Structures are given as C-alpha cells and as structure tokens.
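>>> Sequence and predicted structure below; questions after.
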Amino acid sequence: MTVKHADLAEKFIADEPRTDWHDETLWFVRAKRDKAAHGLPEWEQLREWGSQIKNRTLSNLSNYLIEFEKNALANGIKVHWASDAKEHNEIVHEIIKKHKIQKIVKSKSMLTEECHLNEYLQHHGIEVVDTDLGERIVQFRKEPPSHIVLPAIHLKKEDVSATFHEHLQTEKGNNDPQYLTEAARQHLRNKFVESDLAITGVNFAIAETGGFVVCTNEGNADMGAHTAAVHIACMGFEKLIPKAEHLSVFLRLLARSATGQPITTYSSHFHKPRPNQEMHVVIVDNGRSKQLGREDFRNSLKCIRCAACFNTCPVYRRSGGHSYHTAVAGPIGSILNPNLDMKANADLPFASTLCGSCSNVCPVKINIHEQLWKWRQVIVSEGYVATGKKAGMKGASFLFSNPKMYRLIGKVGRWSMRAFPLMINNKANPWFKQREMPEAPKESFRDWYLKNKKNKS
Amino acid sequence: MKIALFIPCYIDQFYPKVGIATLQLLEKLGCDVAFPLEQTCCGQPMANSGFASLSKGCDVNFVKNFSGFDYIVAPSGSCVLHVKEHLKDDTNPKEAEHIRNNVYELTEFLTDVLKVKSLKAKFPYKVGLHNSCHGQRGLHLSSMTERMLPEFSKPEQLLNMVEGIELRKPKRNDECCGFGGTFCVFEEAVSVKMGKDRIQEHEVNDVDFITGGDTSCLMHLEGLLKRKGSKVQTIHIAEILNSLI
C-alpha cells in the first residue's frame, strides 16, 4: 500500500479553516437532504421499496440483462459487453476510431472514472471534454473528482477563479460565481457544437423497455447527446431496474438523497437513436460479478450513486474525497473498492468510526457500516494488515482471555502511568499528540468492589 | 431478578467512579446486583479492528462470567452492542444466546426494564448530552436525525428527571465524536478534528458538563478538553443520575 487514507486525511486537515468550510458545505447538503426526506411521509417506505426492487434485480440479474439487451437491440441500440475496464475502454475507442472522431464530450459517469477512460483516450490522441461544470473544473486542474455528485466540492470559488483565469482567460481575481459560470457556459457551448460524439453515463437502465435514464442538473448530457451523431452510454451492470414504473421510486429517492431536490432538473429518457444517429450502450462488469458472488457484500451493488453517505459521513467531511485515493470515495467507496483491489484499498474500511450514519441515509438501505466491519475481517484474514497491529491485537487477546494477567498488567500499567508519566505521554503515543491521557486511579473498580462490597459477590 | 454488572475493561481500569455510580444507582432502585469478578473485556477492540477471530478467548470468558443471570447491565452502549451482535461460544451456545438477548445498556435498562418514572437526583448544572453512535444508532437509545421516525430519547428522558439540570442541545445533535475505538489512534488527525468540532458546539452552548452513555467517547473528549484547558468537564450519565449534590 503506497498511500493511506490516514496520511492523506492528515494533510487535508492541516488546513483547518478549509476543513471546517468543507465540513460545513457538505453538512449543508446533508441538512437539505433531511428536509426533503422529512417532506415525504412515505420516505421510509420508499427506501424499503427501493431496497427490495434492487434486491430482486440483483437476484435475477442475468435474466434482466438479457431482457434489457433484447429490448435495446429491438429499439435499434447497439449493445456491447465489457468484462473489465480495459475492454470497456477498447470498445469505446473502437467506436470512436470507426467514425474517425477527434472531439468528444462526456457528461458525468463515475464508471468511466473507475475505468480511467479519459486517460486511455488521451493516450490515443483523442480529446475528451467533461461537460459537467464541476468535472470540467477538476479536469482543467488535472485532478480526479473528490465527490461522485459534486466533483469539485473540495474547491472554493477563489480556486475556480484561478483555474478559469489560467484556462479560460477570465479576469484575474474575479470570484463572482455568476461570472465564472457564464464563462464555463460559453466555453462548453462551443465544445458541444464542435463534438461529433457524446459519452454519457446511465442512472437507470430499464429491462422491460430497453431504454435508459440519465439524470443531470445542468442538462449537459442532453446537450451532448442531442448534438452528436454518435451517443455512447456506459453503465455498470448494476444500473438495471426491471420496469419503467420503478423509476417512480428511484427518481424520487435519488435527488432528495443527493442534494435535497425533489427531482433532478433533467431526467432524460433515451429509448432509441434519432434518425441518422448511432446509439451504443456499453455494459460493464469490472469486478461486479465477483462482488455479486460475495454474500456479505453483494448488496453494495444496490447503490444508485446518490452520495448521501458521503455527505453524512463525519470522516469524509473532514478528510475530503481525495484522501480515499479511488474513483468512488466515501463510505460506499470503502466497501466497493476492496473488491477491486484489496491490497491497495485495505486501509479504506478502517477509515470509519462505524457510526452507522451512512446506512441510515442510504436510499436503498445498504448496510454500509456493517459491511465496513466485515471487510475489516476479510482484509485481516487475507493478511493485508500491518504486523505491528497484528502483534498488538494478539497481545490484547491473550491479556483479555486471562483475567489474572489482565488485572496484573492493569495494575502495573496504571502504576507506571502515575510514576513515569513520560513513558506514556510522549511523541510515540498518537493519543497524546493532541489529547491528555486519562488519569490512572490507584484502585480499579474491582479493587473498590472487593473492598466495599465483597460480601455480595 | 438477578442482575450482573458488566464493567467494561477501560472503565474498570480508568473510570472506577462510573462503575461505582452505576452500581449504586441500580441498588438504589432496588436491584439485586452482582459483579462477576473474573470479567475482563468484551472483545470489541479486536473485532472492530478486523480481528474477530482473536476474540474467542474474550467470548468464552464473558459467557463464563455472565451465565445464569436474568439481565446483564453495563454503563456502555458500545460494549453492549458488541456483545449483542457478536458474542459467540460454540461450547455454550444457549448461554451465549441468552446473554445476547438480555444484555442492556444502563439507560435502556432503566427506561425499558425497570420503567423508572422518577429519580431522586439533583444536578444543578448546564449539561450537553453527547449521543454515542453505538448507543443511538446501534441500540436505538434515541431517534436519529437521518431517519424519518418519531422523536424520542431514553437518556434525555432520564436526565429530565434530575432536579436542577439544564439540558442544552448541540447544533448537530447526533454527530460522531470521532473516538471510534482504534480509529482514535490509527486515524488520529480525523479523530481529533471530529472531537474538537463536537466540543466546540457544546462550548458555544456554555455548558458545564458534557455527559453521555459511553465513557469511551467521553474519555476522548476529556483528553481534548484537558489539553485545551477548557472549563467544560465530562461526566458519565450514571454519575448524574446517581447524583445527590
């Protein structure tokens, strides 16, 4: 493991005012979500329905995928299957090559982030412009998104101003959001007009209709798809839902959970290509089958990518998305990423206090914090744990299994803390770095009990 | 009604006063309480660190100590939740199951089993309640701001029976303090920042004490308060409910 959440988080927190701002900003989104959810008396029922529909989908996934493909093909959509990120990127590249296209616009798709599609295409000399405003900002800065719904949430307007000054020649030091947004709008307009091919993500693919729905607040998916001759929609296979009527559950849950809006500004339904347009859907596995086979973790695939678990997570809010060093950060990322690369992501399930808030906000009732706990067990049993930690735990296990030893070490330990405080209160003790140690009393509770109450035991 | 007192290891070692207050409170309320003398730790530190496989010895010792009681009561939501969710003993599965089903955190035992309606306690101070996550979201000791369900709070219900107390709610009523077991040292920076933010909200409320049902959260907050030289103190809820100042 090269980078660890704890180290990256420490760097993030070093700028405390900025950390406070980040925390407050995301808490504001969480509070908006609460308000929106409180507005629906049937909220908990909706979550239950969302959860059950997704459970059913995952239990019958192969059938629904076949149904989706059949209906999509009948609609005139070309369907591709990619077993991993590499195949996904190659399929997209092939389509681009076939049409000899150089300029591409792409709306938000966490799947393409997961597959590192932009880097792959750029390596092959193809320019991809991310058209979601937040994604365009981080793309200019050569950074990955720090949040799956709010990609540039780690940046302040001053940062955006500096970035746009550099890349869009906006006025230096002009931090007016209206001015900056307008500059991005003009810049992206040209990109939409110039491009011949649009890539979008997929929020929901509907088995019974063979169509799919893309949700955005900026209309950028539509702007891209409606002007381009070729539309490629990329989806992880868990984006499937059985019926169109199920959208009435998910569209209500998604935006309320994500941003507190009753619905996304644009919920665009794509069913077949326009005349003279080509429409492709790339269905990607990339580790999802493996996750589906893990009984304890399969229901992580219910995720609809609303990021409510990010916004509520007290650790995420204070450590920023980049500290998770993966495409999908936050609590849900911490249960998805160990499946993709257990060694590189062994730290992530530990980047949580197991407070359980994530599971409470999840619109499809994924037991995120319980899965974090279970991943810890898997990671340790697979050996991806520091030897020092392992030795410490073995020692603790021995101590607590032997009551006499526990009492002796407790007594000696407390005595040493009183007699030689510097033995404990030093730099090697991470507790002491910013916190005082508890006072070590002369008597344990048991000592007191024996002295005062022993007749009762 | 035979009640066993479960005093988590760190309370036994560092906060005996919390154990004493718990025992005195239960006895005051007419309970017959025993303290099994060979108890150690519930095994949570290992299990939450991914070493559930190493908590077998703790489990066996726990079952040995706490078999044969009607109820097991502890002044810690976190340890109770661990026992409820994870206690296993293959040689004694029935006893383990009985313990899992009858282990109670102190405040829920008072409100749900003893059905306490009044307390002879006095604590004339401004107090902020810290809802510990495992007590709240794990044991459902109170409603949670994320869920759209009716509001309630077992600890508040009890604190409101105390004469002279003035409860002051922090802005974010159920945000985690950042203790998180071994998280507090392996993710030291985040842990400390979370704790500082909790403290700040209580300080804004000008409280004299921060109380709660989990000494682990309070130990973390106390460490930060002391380092800072704050006038705010921490106190376990059992100490307030047992208070006759």
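That came through fine.

>>> For the rest of this, base every contact and every neighbour count on C-alpha atoms.
Noted.

>>> Quick one: residues contacting the closest residue to chain B within the stretch 151-300 of chain A.
Residue of the stretch 151-300 of chain A nearest chain B, by CA to the nearest CA: A:S257 (10.6 Å). Contacts here follow CA atoms under 8 Å, 6 or more residues apart in numbering or on different chains; on that basis A:S257 touches A:33, A:37, A:306-308, A:361-363.

>>> was I right about A:G50 contacting A:L251?
No: using CA atoms under 8 Å, A:G50 makes no contact with A:L251, being 10.1 Å away.

>>> And the two? Which one has more around it.
A:G50 (23 against 18; other CA atoms under 10 Å in any protein chain shown).

>>> Show me which parts of the one helix or strand that one maps to are buried, residue by residue.
Assigned by DSSP states H and E, A:G50 belongs to helix A:43-59. Buried residues in helix A:43-59, counted by 16 or more other CA atoms under 10 Å in any protein chain shown: A:43-44, A:46-51, A:53-55, A:57-58.

>>> thinking again about what came up before, now the residue of the stretch 151-300 of chain A closest to chain B: how far from A:A307?
8 Å (CA to CA, to the nearest Å).

>>> Quote the end-to-end distance of stretch B:65-78.
19 Å.

>>> which residues are in contact with it?
B:1-8, B:18-19, B:22, B:36-39, B:80, B:95-96, B:99, B:102-107, B:109, B:132, B:134-135, B:139, B:213-215, B:238.

>>> again, only this time at 6 Å
Residues from elsewhere that reach stretch B:65-78 (CA atoms under 6 Å, 6 or more residues apart in numbering or on different chains): B:2-7, B:36, B:102-106, B:134-135, B:213-214.

>>> can you tell me the average pLDDT over the top helix by length along chain A?
In chain A, with assignment by DSSP state H, the single longest helix is helix A:16-38. Average pLDDT, helix A:16-38: 98.

>>> Which neighbouring elements make contact with it?
On a contact count with 3 or more CA pairs under 6 Å, 6 or more residues apart in numbering or on different chains; DSSP states H and E, helix A:16-38 meets helix A:247-258, helix A:308-312, helix A:314-319.

>>> Tabulate these (TSV), appending mean pLDDT and distance to B:A47.
Listed next are the helices and strands packed on helix A:16-38 as TSV, based on pLDDT from 0 to 100; distance: least, CA to CA, whole Å:
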stretch	mean pLDDT	distance to B:A47
helix A:247-258	98	31
helix A:308-312	98	23
helix A:314-319	98	20
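
>>> Please render these as TSV that adds distance to A:I77 to the earlier fields.
Output for the helices and strands packed on helix A:16-38, formatted as TSV (distance: least, CA to CA, whole Å):
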stretch	distance to A:I77
helix A:247-258	21
helix A:308-312	32
helix A:314-319	39
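
>>> hey, which of the ones you listed is tucked in deepest?
Stretch with highest mean neighbour count among the helices and strands packed on helix A:16-38: helix A:308-312 (a mean of 29; mean count of other CA atoms under 10 Å in any protein chain shown).

>>> And chain B, is that helix touching that?
No: using CA under 6 Å from any CA of the partner chain, helix A:308-312 stays clear of chain B, coming no nearer than 8.7 Å.

>>> contacting residues around that helix?
Residues contacting helix A:308-312 (CA under 6 Å, 6+ apart): A:26, A:30, A:257-258, A:330, A:358.

>>> near chain A, which residues of chain B?
B:12-14, B:16, B:34, B:38, B:40-41, B:50, B:54, B:57-58, B:133, B:146, B:180, B:185, B:187, B:189, B:223-224, B:227.

>>> can you state the direction angle for the helix ranked longest in chain B and helix A:16-38?
Longest helix of chain B, by residue count under DSSP H: helix B:188-204. Using axes from the mean of the first three to the mean of the last three CA atoms, to 10 degrees, the direction of helix B:188-204 lies 70 degrees away from that of helix A:16-38.

>>> Going by neighbour count, list what's buried in helix B:188-204.
B:188-199, B:201-203.

>>> Which secondary structure elements does that helix sit against?
Short answer (3+ CA pairs under 6 Å, 6+ apart): helix B:188-204 packs on no helix or strand.

>>> how distant is it from the center of its chain?
19 Å (CA atoms, centre = their mean, to the nearest Å).

>>> per-domain residue ranges of the chain.
Chain wasn't specified; assuming chain A. A:40-286, A:388-456 (automatic domain parsing).

>>> looking at chain B here, not the other one
When chain B is cut into domains by automatic domain parsing, you get B:2-113, B:126-241.

>>> now the shortest one: mean pLDDT?
If you average the pLDDT over domain B:2-113, you get 97.

>>> Run the chain-centre distance for that domain.
Worked out by CA atoms, centre = their mean, domain B:2-113 lies 11 Å from the chain centre.

>>> And that domain, end to end?
First-to-last distance for domain B:2-113 - CA to CA - comes to 13 Å.

>>> Which residues of chain A lie near chain B?
A:6, A:10, A:353, A:355, A:360-361, A:376-377, A:380, A:397, A:400-401, A:403, A:430-431, A:435-437, A:440, A:444-445, A:457.

>>> Can you say which of these are buried?
A:6, A:10, A:353, A:355, A:360-361, A:376-377, A:380, A:397, A:400-401, A:403, A:430-431, A:435-437, A:440, A:444-445.

>>> residue contacts, B:C217?
Per CA under 6 Å, 6+ apart, neighbours of B:C217: B:F179.

>>> pLDDT score assigned to the closest residue to B:E38 other than its chain neighbours?
Nearest residue to B:E38 in three dimensions, chain neighbours excluded: A:P403, at 5.6 Å (CA to CA, 6 or more residues apart in numbering or on different chains). Listed pLDDT for A:P403 reads 96.

>>> ok, now A:N455?
63.

>>> Check A:N425 too.
pLDDT, A:N425: 89.

>>> neighbours around it, how many?
17.

>>> Also A:V92?
20.

>>> which element is it on?
With DSSP H and E as criterion, A:V92 is part of helix A:85-98.

>>> Run through who's touching that helix.
Counting by CA under 6 Å, 6+ apart, A:82, A:115, A:117, A:286 sit against helix A:85-98.

>>> ok, 8 Å please
Under CA under 8 Å, 6+ apart, the answer for helix A:85-98 is A:80-82, A:102, A:114-117, A:120-121, A:197, A:232, A:282, A:284, A:286.

>>> same check, this time on stretch A:145-155
For stretch A:145-155, using CA under 8 Å, 6+ apart, the contacting residues are A:22, A:110, A:134-135, A:137-138, A:144, A:258, A:305-307, A:310, A:320-322, A:327-330.

>>> Average pLDDT for that stretch, rounded please.
Mean predicted confidence for stretch A:145-155 is 97.

>>> what's the distance between B:P45 and B:A52?
9 Å.

>>> Oops, could you answer that again for B:K226 instead?
If you go by CA to CA, the gap between B:K226 and B:A52 works out to 33 Å.

>>> These two: who's more crowded?
Comparing B:K226 with B:A52 by other CA under 10 Å, the one with more neighbours is B:A52, at 21 against 17.

>>> what's the nearest residue to that one if we skip its chain neighbours?
B:A52 sits nearest to B:M46 (CA to CA, 6+ apart), 5.9 Å away.

>>> so that neighbour touches B:C58, yeah?
No: contact between B:M46 and B:C58 fails when scored by CA under 8 Å: they sit 9.8 Å apart.

>>> still on that earlier bit, buried residues in the following helix or strand past the helix holding A:G50, which are they?
Going down the chain from helix A:43-59, the next helix or strand is helix A:61-74, by DSSP H and E. Under the neighbour-count criterion of 16+ other CA under 10 Å, helix A:61-74 has A:61, A:64-65, A:67-73 buried.

>>> between those, which is nearest chain B?
Of the buried residues of helix A:61-74, the one sitting nearest to chain B (CA to the nearest CA) turns out to be A:L61, at 29.8 Å.

>>> Could you check the pLDDT of the closest one?
So A:L61 comes in at 97 (pLDDT).
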